[in-house]
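[1] sequence and predicted structure are below.
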2 protein chains.
Amino acid sequence: MRPAKIDRILLAHGGGGQLSDDLIRHHILPKLNNDILAELTDSAKLDLASTSVCFTTDSYVVKPLFFNGGDIGKLAVCGTINDLAVAGARPVALALSLIIEEGLEFELLEKILASIGEAANQNDVSIVTGDTKTVEAGAADKIFINTAGIGVRLAGVDLTLNRITVGDKILINGTIGDHGLTIISQREGIAFQSQLKSDCAGIADLTCQLLKNGSGIKFMRDPTRGGLAATLNEICRGTGLSIEIHQTDIPVNPTVQAAADMLGFDVLNIANEGKFVAVVSPESADDCLNICKKHPLGKKTSIIGEVVETRDAPMVEMTTRIGGRRIVQMPSGHELPRIC
Amino acid sequence: MRPAKIDRILLAHGGGGQLSDDLIRHHILPKLNNDILAELTDSAKLDLASTSVCFTTDSYVVKPLFFNGGDIGKLAVCGTINDLAVAGARPVALALSLIIEEGLEFELLEKILASIGEAANQNDVSIVTGDTKTVEAGAADKIFINTAGIGVRLAGVDLTLNRITVGDKILINGTIGDHGLTIISQREGIAFQSQLKSDCAGIADLTCQLLKNGSGIKFMRDPTRGGLAATLNEICRGTGLSIEIHQTDIPVNPTVQAAADMLGFDVLNIANEGKFVAVVSPESADDCLNICKKHPLGKKTSIIGEVVETRDAPMVEMTTRIGGRRIVQMPSGHELPRIC
């Protein structure tokens, strides 16, 4: 029914009529196909493995839409998966909502949809329901994507700030700053000798393996916007305890460090999209480290510090490479807009 | 921590640092407060009453943000509730995601958040998790809202197109076209003698009462974008059957009809936001009608037609007020952009 000449999104593609139907049936469904989505009802009917679930949502406004290591579609799938993963859940179903600017090329939309489908497949989740809205040219920047997700909580897993105590170890599954510095350097058109690449990845397989095979895991969080600095400060605020980290133990890709230094960013404040921070009991830390290191997404896992007593106020302190100490503050948030 | 002079959203409010934390703690949480949301983890942990759930998502881009009968916040809560309701579920939890344009006044944001909180309360659902993104001035139109929702399916309820057969009655819980014509007339600055008012409302209480106390309910859908015409055509396409409706039985507010005539719209194509269409067996139709009429949101419920044999191709036909017949086509979607 669609005349061959329509190669861009029209406002009417969001109008709920024939063109909306066409967009969904001919462009979206083939890329994401599964039986539940194909029913095209307004709600997906799911039979979950448990009544104990996690539920999360994230909107994605990253600019540029495509970057080395990923794109807005892959990011939207992985980011929401990761929010479920760090809560101790196995992601099972995603809802996908698109806000599209009139005039977006179908070619570009299809690339993004293909990437969404591929990321969902790779991470063993289904896109079970969705929505598409269009806005007039100038009212949005090409495309914004929301993914909400449901995960089933792993039996016996209890991740909460309340369980954290002095002496617990802080673990991260690899290098920091890769995503944020890839985005900013690409946006600004800055080229580095060895190319930067986003760490964008779904970490649920790794976290599920860690939770099933490890012990003493008390809390996890993914250090996205605000980076490692924000995540560690949130842990301190939530527990009233303090954290000491050691700069030499924090994995940083040398190109990322060089880019951060040149652009005047602190890598601790830069967003990651395939990382998690775990707080684990001291006696289980080495076991957790070894479990992570066996996974493709955890080869560079490192124990970067520990939870310590609070003296004046809860804070994050870092022992630096040259032997000094500095406070790692909560970033203001001014660093990097539209990073995810 | 927030200097008193910040009265508009800054890009840094979406940066994941101190200002994001401030936005969430001081502006969002107080309006939506509940224990699960207050934990501020990336995923909400829920213990559902059943493993049999519905899951849905919708983004809202309505323009203007405030209209007679509602606003984007109320719409975002009710619209997602309604998608769960027509699937035969009792809505329990919503996820709220905001995409905010830099420069949006806090005053306006707080009005919207208050409306979200009020609508959630009135409809007995909790906002359990959320996300906030900011984009630079000009990259979005003030605010876009996504709500995803989880509902628990009512026991013994099976709503599916497959159950529809010839002779089934078509029921709607009140007047059509109110929402869409309110939006378009307000957007275009057209005033009508008696003011138009959106029907924006959460219908889950009504649908749950109908499903619990009625029988023979085979399928429900909310006639939003594309209006009654789109919903009925979707039923024909999905079943291969045809539908006959009777113009004199379709409730239309006279001001809505006058506005539609003046602006050149067919009320059948206009979006509703507090309505559902139900397909019910002929023997239970009167009972269903009476159950609906007792509910504040169903006083004008009407049986508007029936499912009939298909002759050539599945289609919706309407017997008109003057005794003629006309085909009710699937709208193209060109009618009304940004209606929800």
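    Ah, there it is. Numbers count the residues shown, from 1 in each chain, chains lettered A, B, ... in the order given.

[2] the helices in chain A, which residues?
    Counting by DSSP state H, the segments of chain A that form helices are A:18-22, A:29-32, A:35-38, A:72-85, A:106-122, A:178-187, A:204-213, A:227-239, A:254-263, A:285-293.

[3] mean neighbour count added to those, as TSV?
    (Each C-beta comes from the backbone N, C-alpha and C, glycine too.) As requested, the helices of chain A are exported to TSV (neighbours: other CB atoms under 10 Å in any protein chain shown):
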stretch	mean neighbour count
helix A:18-22	21
helix A:29-32	17
helix A:35-38	14
helix A:72-85	29
helix A:106-122	19
helix A:178-187	26
helix A:204-213	21
helix A:227-239	24
helix A:254-263	17
helix A:285-293	18
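
[4] worst mean pLDDT among those helices?
    Mean pLDDT is lowest for helix A:35-38 among the helices of chain A, at a mean of 85.

[5] so what's the residue count around the closest residue to residue A:48 other than its chain neighbours?
    Among residues not flanking residue A:48 along the chain, residue B:51 sits closest, at 4.4 Å (CB to CB, 6 or more residues apart in numbering or on different chains). For residue B:51, the count of nearby residues is 16 (other CB atoms under 10 Å in any protein chain shown).

[6] how about the one 3 residues further on?
    Close neighbours of residue B:54, defined as other CB under 10 Å, add up to 27.

[7] which residues does it bridge with?
    Beta-bridge partners recorded for residue B:54 (DSSP bridges): residue A:45, residue B:151.

[8] right, and it touches residue B:90 too?
    No - taking contacts as CB atoms under 8 Å, residue B:54 lies outside contact range of residue B:90: 9.2 Å.

[9] need the residues touching each of the two.
    Taking CB atoms under 8 Å, 6 or more residues apart in numbering or on different chains as the contact rule, residue B:54 and residue B:90 both touch B:84, B:151, B:152.

[10] which of those residues lies closest to residue B:260?
    Proximity of those to residue B:260 (CB to CB) peaks at residue B:84, which lies at 29.4 Å.

[11] wait, doesn't the closest one sit right on residue B:207?
    No - the criterion here is CB under 8 Å, and residue B:84 misses it with residue B:207 at 9.2 Å.

[12] so which bits of the stretch 151-300 of chain A are right by chain B?
    Residues of the stretch 151-300 of chain A lying near chain B by CB under 8 Å from any CB of the partner chain: A:151, A:153, A:221, A:222, A:224, A:225, A:226, A:227, A:230, A:269, A:271.

[13] out of those residues, who has the most neighbours?
    Within those, most neighbours by other CB under 10 Å means residue A:271, with 31 neighbours.

[14] how about the backbone phi and psi for it?
    phi -70, psi 140 (degrees, to the nearest 10).

[15] can you give me the pLDDT of residue A:15?
    pLDDT, residue A:15: 85.

[16] now it: how far from chain B?
    With distances taken as CB to the nearest CB, to the nearest Å, residue A:15 is found 3 Å from chain B.

[17] OK, contacts around that residue?
    A:134, B:225, B:226, B:331, B:332, B:333, B:334, B:335, B:336, B:337.

[18] my guess is the fourth one meets residue B:270, correct?
    In other words, residue B:331. No - taking contacts as CB under 8 Å, residue B:331 lies outside contact range of residue B:270: 9.2 Å.

[19] where do the contact lists of these two overlap?
    Here residue B:331 and residue B:270 share the contacting residues residue B:227, scored by CB under 8 Å, 6+ apart.

[20] what is the burial count for residue A:331?
    Counted with other CB under 10 Å, residue A:331 comes out at 26.

[21] wait, it touches residue A:267, no?
    No - using CB under 8 Å as the test, residue A:331 is too far from residue A:267 to be in contact (11.5 Å).

[22] joint contacts of these two?
    By CB under 8 Å, 6+ apart, residue A:331 and residue A:267 have these common neighbours: residue A:227.

[23] how far away is the spatially most central residue of chain A from residue A:56?
    Centroid-nearest residue in chain A: residue A:79, 3.0 Å away (criterion: CA atoms, centre = their mean). Going from residue A:79 to residue A:56 by CB to CB, to the nearest Å gives 9 Å.

[24] residue A:294 too?
    27 Å.

[25] between those two, who's got more neighbours?
    Between residue A:294 and residue A:56, counting by other CB under 10 Å, residue A:56 is the more crowded of the two (31 against 12).
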